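Asker: give me coordinates for this.
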Amino acid sequence: MFPFIVVGLFTGAVYALAAMGLVLTYKTSGIFNFAYGAIAMICAFTFSELRDTLGLSQWYSLPIVLIVVAPVIGVAMERLFRPLTSVPAEIQIVVTLGVLAFFQALEPIIYGGQARALPSIFPTSTFRIGTLRVGYDELATLLLTIGLGLGLWLLLRRTKFGMATRAVVDNRDLSALAGVRSESVSRVAWVISCVFAGLVGILLSPGEGLDRYSLVLLVIYAFAPAVLGKLVSLPLAFLGGIVMGVVLSVLTKYDSNATVADIRLAFPYAALFVLLVAYGGRLKEVRSSFRPLRSPPPRPISGSSFVTGIVLLIAALILPSLVSGPQLSDVTLGVIFAAIGLTLVVLTGWAGQISLAQFSFVGIGAFTVGHLGGAHGAGFFPAALLGVLIAIPVGLLVGLPSLRLSGLYLALATMAFALLMDNLVFNRPDVGGGSTGMPIHRPRLGPWNFASTTSFYYLCLGVLVVYVIGASVLRRGPIGRRLQMINDSPLAASTFGVSLTLTKLITFAACGAAAAFAGALFAAGRQFMSPSDVSFNASLELLLLVVLGGRSLVGGALVAGAVFGVQLFPIPATVEQYIPLGVALGVIGVANNPEGPIAMTVRIVKYLSAVLQRAPRPGEVAPPAQQATPHRLVDEQPSVPTPAGARV
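Answerer: Just a heads-up that it's a prediction; the model follows:
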């Protein structure tokens, strides 16, 4: 047991370093950096490119990464998030997730997208302590981490910068009155944090391998230690990282047992979920000049919206006559994806309950029909309904943290739940088919067979139409008004008699059930499902695409489905690799607008058409719309009659 504890100290030191970087930026800027692992990944790939590909000495490559690349990323991140310090956590989360997706999409463009082996920067020879052999690289990692942690603690406790940091944390607005420049403090904190991230990537990759996905997930291991310190305590975050490494190392002793191996992989996410639930309302977000961003109120269905919907429906009905079989299958998957996205619009856009686990419900529906759908799809619909019934209590379980958590902490809780489902449920061979996955058959209902591409397309289109009509009616009814009130002001909603507990739980359960049924269709559309198809990355992609389309609009889900379907089309690889990059940049750009780019474009076009409208010619009567009183640039006083003989 003792050797595993010692090895765990070395690994835990790296997690402690990552946790301190997360805490530092959150303390000074109020931003929880979900992209921390992606920054670590980019820095590690850059180091590998300089040292192993270009042949540069590591003693030149390391300073370039840690003194140039990481600080430049830190300055860019601080500048990106500076305007977002006073917006709701929902916006901050979406932007950081967009940055994560940006770096993941950038890696294959710059470095080729292939996994690499990254040798250690320290000697790998060993020495003996009693009966235990210890590597010099492990000891150096531990000493380096302890030194950096102690140096950071002294910096924050014994210097003017530390005093300024504490002033910013205590009250960002009052610190400005005292002459403390919060922007400078945050910039330095971001630079230090990104340097830590670069070191984390370089230190973790030799043992775990270097690719754009695994390193990001490994850095998520540091989220639980950061939450242990309530995102403000560096000593507790450091201690939590050490404990995390020791526990994981001890569990590797029993890796021969498949169940224990799964528990080891899921332990960091379970610890994060338990900590969030246990802390509950005691977790406070770092906020400054909080300015809530409201989702737009429900609008009556205008004539133009109704006509647009009819035109889109007619186009969808005649589409099979214009598109060939393989492309129609891709379009069908886009239609199903839009239905899944609509559940996220209701949950996140309308109810304000951000979720990073929606594809976990898709997996429930998909694997249920995979096991019970039958060889020819005869049992598909009963199995899909069973998946819906299973998703309801699971949705209630996911919704429980929302009773005590909101914003950032709710997002972390749903992310932890999604990763738990990935590692404890879907990765089991008897559930998700293991690495080989499982085949899924198209549905059959009595005499109707939906095995053909065209018939299955019309089935999915019908389900999407039902979802759209149901969501539109819900939005404009009493339930929609309750969701709006909960999103705008939970306290005011409870004052008016709205049960927050019941409404939140029902919303999570209903959206989870709807996603499970759409997930059954998603599986039938693919005709094959594996655990990777419903992983956390899929939930992340869903959220980003819905935000890109407009997270509070029904049309936003349709845009998400369209973009997802386009990505499946046979397009050149040189073009395909830029689509995720464009989506990430689009999310970063429009995340502050809940109506998405469509509404923004419509407003811009209306404004330009009004500005560029031809002015009336002399003697020509202007249209009624132009006869309105122009906007006053200054306050005008009402006219008062001037007495005769008075000087004006």
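Asker: where does pLDDT dip in the stretch 501-648 of the chain?
Answerer: Residue ranges of the stretch 501-648 of the chain with pLDDT under 70: 592-600, 602-603, 614-648.
Asker: break down it into its strands, ranges please.
Answerer: With strands called from DSSP state E, counting those that start in this stretch, the stretch 501-648 of the chain shows them at 528-529.
Asker: any chance you could map the helices in it?
Answerer: 536-549, 554-568, 573-576, 578-590, 596-611 (DSSP state H, counting those that start in this stretch).
Asker: mind putting those helices into TSV with mean neighbour count?
Answerer: Placement of C-beta: from N, CA and C, glycine included. Shown next, in TSV, are the helices of the stretch 501-648 of the chain (neighbours: other Cβ atoms under 10 Å):
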stretch	mean neighbour count
helix 536-549	25
helix 554-568	22
helix 573-576	9
helix 578-590	18
helix 596-611	12
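Asker: can you pull out the helices in the stretch 201-350 of the chain?
Answerer: 214-219, 223-228, 234-251, 258-279, 303-318, 325-344.
Asker: just these: most buried one?
Answerer: Comparing the helices of the stretch 201-350 of the chain by mean neighbour count (mean count of other Cβ atoms under 10 Å), helix 223-228 comes out on top with a mean of 28.
Asker: which strands or helices does that helix pack on?
Answerer: helix 2-29, helix 234-251, helix 258-279, helix 407-420 (3 or more Cβ pairs under 8 Å, 6 or more residues apart in numbering; DSSP states H and E).
Asker: can you list those helices in CSV and add distance to Glu90 and mean pLDDT?
Answerer: Shown next, in CSV, are those (distance: least, Cβ to Cβ, whole Å; pLDDT from 0 to 100):
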stretch, distance to Glu90, mean pLDDT
helix 2-29, 16, 85
helix 234-251, 24, 89
helix 258-279, 17, 87
helix 407-420, 6, 91
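Asker: redo the ones you listed as TSV? Include distance to Val75.
Answerer: Output for the helices and strands packed on helix 223-228, formatted as TSV (distance: least, Cβ to Cβ, whole Å):
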stretch	distance to Val75
helix 2-29	13
helix 234-251	22
helix 258-279	29
helix 407-420	23
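Asker: ok, which of the ones you listed comes nearest Met163?
Answerer: Of all these, helix 2-29 sits nearest to Met163, with 12.6 Å by Cβ to Cβ.
Asker: elements contacting that closest one?
Answerer: Using 3+ Cβ pairs under 8 Å, 6+ apart: helix 2-29 touches helix 36-48, strand 132-135, helix 136-158, helix 160-170, helix 182-208, helix 223-228, helix 234-251.
Asker: and the ones you listed: which comes nearest Val554?
Answerer: Per Cβ to Cβ, nearest to Val554 of the helices and strands packed on helix 2-29: helix 36-48, 31.1 Å.
Asker: now the closest one: average pLDDT?
Answerer: The average of the pLDDT scores along helix 36-48 is 94.
Asker: tell me, how many residues neighbour the residue nearest to Ala89 when sequence neighbours are not counted?
Answerer: Distances taken as Cβ to Cβ, 6 or more residues apart in numbering put Gly407 closest to Ala89, at 3.4 Å, once the chain neighbours are dropped. Neighbour count for Gly407, taken as other Cβ atoms under 10 Å: 19.
Asker: next up, the contacts around Gly407.
Answerer: By Cβ atoms under 8 Å, 6 or more residues apart in numbering, Gly407 lies in contact with Pro88, Ala89, Glu90, Ile93, Glu285, Ile354.
Asker: residues touching the nearest residue to the fourth one once chain neighbours are set aside, list them.
Answerer: When you say that, I think you mean Ile93. Nearest non-adjacent residue to Ile93, counting by Cβ to Cβ, 6+ apart: Ala411, 5.0 Å away. If you count contacts by Cβ under 8 Å, 6+ apart, Ala411 has them with Ala89, Ile93, Ile354, Ser355, Leu356.
Asker: can you list the helices of the stretch 501-648 of the chain in CSV and add distance to Ile392?
Answerer: Written out in CSV, the entries for the helices of the stretch 501-648 of the chain read as follows (distance: least, Cβ to Cβ, whole Å):
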stretch, distance to Ile392
helix 536-549, 19
helix 554-568, 21
helix 573-576, 38
helix 578-590, 30
helix 596-611, 30
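Asker: who wins for proximity to Ala451 among those?
Answerer: Here helix 554-568 is closest among these (Cβ to Cβ), at 20.2 Å.
Asker: any idea how far Leu66 is from Met77?
Answerer: 16 Å (Cβ to Cβ, to the nearest Å).
Asker: and for Pro447?
Answerer: Pro447 sits 68 Å away from Leu66, taking Cβ to Cβ as the criterion.
Asker: residues contacting the nearest residue to Val14 once chain neighbours are set aside?
Answerer: In space, and not counting its chain neighbours, Val14 is closest to Leu203: 5.0 Å by Cβ to Cβ, 6+ apart. By Cβ under 8 Å, 6+ apart, the contact list for Leu203 reads Val14, Leu17, Ile121, Thr141.
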